[in-house]
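Engineer: Coordinates for the following, if possible.
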Amino acid sequence: MSRRSGILEFAVLGLLREAPMHGYELRKRLNTSLGIFRAFSYGTLYPCLKTLVSNGWLIEEPGSAPEEALAASLAGRRAKIVYRLTPEGKEHFEELLSHTGPDAWEDEHFAARFAFFGQTEREVRMRVLEGRRSRLEERLEKMRASLARTRERLDDYTLELQRHGMESVEREVRWLNELIESERAGRDQRSGTDAPARHDNDSEETGGLPRHGGSTRPDPSDDTAK
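Structural biologist: I've put the predicted structure just below:
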């Protein structure tokens, strides 16, 4: 499985955990909610769905009344099919959510993981955020070293482009620092109270997300931060 298809399968499972959908709804949600999928097509989505069905993680259900499905068939149109997550699919998605290895820190995968942080346990969120920050700090160090070596050979426009790329990475590191500190503050606040325990992967839990106004948060899928 390619990294790109793995990210798509993860995102599809995550969206279907929220509610069953047909292909058009899924594509729309992937385009609007997850910016990393802005340019993908049905030719990419439907093979992914078929794979998930064959693995037993999704089931297909009629999305229309029988007479509407018959009319669509007679007209040569594809009848709507609703995709629903199976218990095995939910279990598989939860296993993917718990993964915190290097793949979760990469640009596209991190954007997809972050989109489902509301369903992710707090400690896993922390590990992913800290891993992403370390990856970007390494990238920033390499960019600075490269710029120092080549500065004299670059024209003004190329130099400005490299500076812009560095500023984008620096901005995301600051954003991650803010998120990490907020997650820690939320954890410390919870551990210091006698409030009833809640599940960390409760979709209503905001974690420690900063709420103050005026904070500029970069889109994790922003190409300039790569």
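Engineer: Can you say which helix or strand has L45 in it?
Structural biologist: Under the criterion of DSSP states H and E, L45 resides in helix 42-54.
Engineer: can you tell me how far V124 sits from V12?
Structural biologist: 20 Å (Cβ to Cβ, to the nearest Å). Every C-beta, even on glycine, is put in place using the N, C-alpha and C of the backbone.
Engineer: of the two, who's got more company?
Structural biologist: Higher neighbour count among V124 and V12: V12, with 26 against 18, using other Cβ atoms under 10 Å.
Engineer: Domain-wise, how is this protein divided?
Structural biologist: 3-97, 107-192+201-225 (automatic domain parsing).
Engineer: Just put the ones you listed in JSON lines and tack on mean pLDDT.
Structural biologist: As requested, the domains of the chain are exported to JSON lines (pLDDT from 0 to 100):
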{"stretch": "domain 3-97", "mean pLDDT": "82"}
{"stretch": "domain 107-192+201-225", "mean pLDDT": "81"}
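Engineer: count of neighbours near R113?
Structural biologist: 28.
Engineer: tell me which element it falls in.
Structural biologist: Counting by DSSP H and E, R113 is part of helix 107-115.
Engineer: what helices or strands is that helix leaning on?
Structural biologist: In terms of contacts (3 or more Cβ pairs under 8 Å, 6 or more residues apart in numbering; DSSP states H and E), helix 107-115 is packed against helix 3-18, helix 122-150.
Engineer: May I have it exported as PDB, CA atoms only?
Structural biologist: Output in PDB follows, covering the C-alpha atoms of helix 107-115 (Å, rounded to 0.1, in the frame of the first residue of the first chain):
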ATOM      1  CA  ASP A 107       3.200  16.500   6.100                       C
ATOM      2  CA  GLU A 108       0.100  14.800   4.600                       C
ATOM      3  CA  HIS A 109      -0.300  12.200   7.200                       C
ATOM      4  CA  PHE A 110       0.000  14.700  10.000                       C
ATOM      5  CA  ALA A 111      -2.800  16.800   8.500                       C
ATOM      6  CA  ALA A 112      -5.100  13.800   8.300                       C
ATOM      7  CA  ARG A 113      -4.200  12.700  11.800                       C
ATOM      8  CA  PHE A 114      -4.800  16.200  13.200                       C
ATOM      9  CA  ALA A 115      -8.300  16.300  11.500                       C
END
